[in-house]
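**Student:** sequence and predicted structure below; questions after.
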Amino acid sequence: MKIGDAQKAYRQQLGLLRGQKNDFVKQREENRKKMEEARKKSEEQGVTFELSEAYLEREKELQEKIDELSGQIKNNEKTLDDLIEQEVGIFNSMVAEQQGDAMKEYGEEMAKCLEIARRISRGDRVPAQDEKKLMDFNMDIYKMAKEMAAINMEGEHKEWESLWGEEEEKEYEDPFEASQNAETNVGMPEGMEMAVSANAEVTSE
């Protein structure tokens, strides 16, 4: 199951569980309100008020439902937190790898540009694309190299081939998309497996 799909399922399940819990909390409040009304009525009539078994049983039943749902909500929140942690871990790992590649490429680019500057400074001839690379990299270094070339015009000068071949731009996978689509060992939320299974059976029919 993909991390993004799992997160969606658990958020959906949490919404349902919280809604159910709120319904039971309202029912419990209504039951308590009825108990309070019965108590006041008994006092007005001068009768000793005794809680009926029905009210007590209903209170117990509703509280058990609320406690059960609270436990399920807590477990689902913990699972969702774990899924988010997995996603963030994959995302950060991919970003760090891409940043590392970028730094490596920058170092290689810098080394080539400095070599181009050295060649130009000696009065050697380099391809126009190499000159442009140096200009784009650092105009000040390029100007200094050209000034040195003017001084070193005498003598033999070498003609160099480009330090750059045909460049293919490296494509990186989007870290957010990749972390969302990564597989997780977390299964469907409790109760949703049956719903998914039932939908699959209906579809196959």
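**Tutor:** In hand now; what should we look at? Residues are numbered from 1 along each chain as shown.
**Student:** ok now the helix or strand where M110 lies, how far from the chain's centre?
**Tutor:** In the assignment (DSSP states H and E), M110 maps to helix 53-121. Helix 53-121 sits 5 Å away from the centroid of its parent chain (CA atoms, centre = their mean, to the nearest Å).
**Student:** what helices and strands are in contact with that helix?
**Tutor:** Counting contacts by 3 or more CB pairs under 8 Å, 6 or more residues apart in numbering; DSSP states H and E, helix 53-121 packs against helix 3-44, helix 128-137, helix 139-151, helix 175-181. Yep, even glycine has a C-beta here, placed from its N, CA and C like the rest.
**Student:** just send the ones you listed back as CSV, with distance to H157 too.
**Tutor:** As requested, these are exported to CSV (distance: least, CB to CB, whole Å):
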stretch, distance to H157
helix 3-44, 59
helix 128-137, 15
helix 139-151, 9
helix 175-181, 48
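**Student:** and of the ones you listed, who's closest to V88?
**Tutor:** Among the helices and strands packed on helix 53-121, helix 175-181 comes nearest to V88, with 7.5 Å by CB to CB.
**Student:** low-confidence ranges, the chain, go.
**Tutor:** Within the chain, the ranges that satisfy pLDDT under 70 run 46-52, 166-170, 192-205.
**Student:** do that again at 80, thanks
**Tutor:** Across the chain, the ranges flagged by pLDDT under 80 are 38-54, 155, 165-172, 190-205.
**Student:** if we can go back for a sec, next, the angle from the helix holding M110 to helix 3-44.
**Tutor:** Counting by axes from the mean of the first three to the mean of the last three CA atoms, to 10 degrees, helix 53-121 lies at 150 degrees to helix 3-44.
**Student:** which one of the helices and strands packed on helix 53-121 lies closest to Q63?
**Tutor:** helix 3-44 (6.7 Å).
**Student:** give me the distance between that closest one and the centre of its chain.
**Tutor:** Centroid displacement of helix 3-44 relative to its chain, using CA atoms, centre = their mean, is 32 Å.
**Student:** circling back: mean neighbour count and distance to R119 added to the helices and strands packed on helix 53-121, as a markdown table?
**Tutor:** Compiled in a markdown table, the helices and strands packed on helix 53-121 are given as follows (neighbours: other CB atoms under 10 Å; distance: least, CB to CB, whole Å):
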| stretch | mean neighbour count | distance to R119 |
| --- | --- | --- |
| helix 3-44 | 15 | 51 |
| helix 128-137 | 16 | 8 |
| helix 139-151 | 14 | 8 |
| helix 175-181 | 16 | 39 |
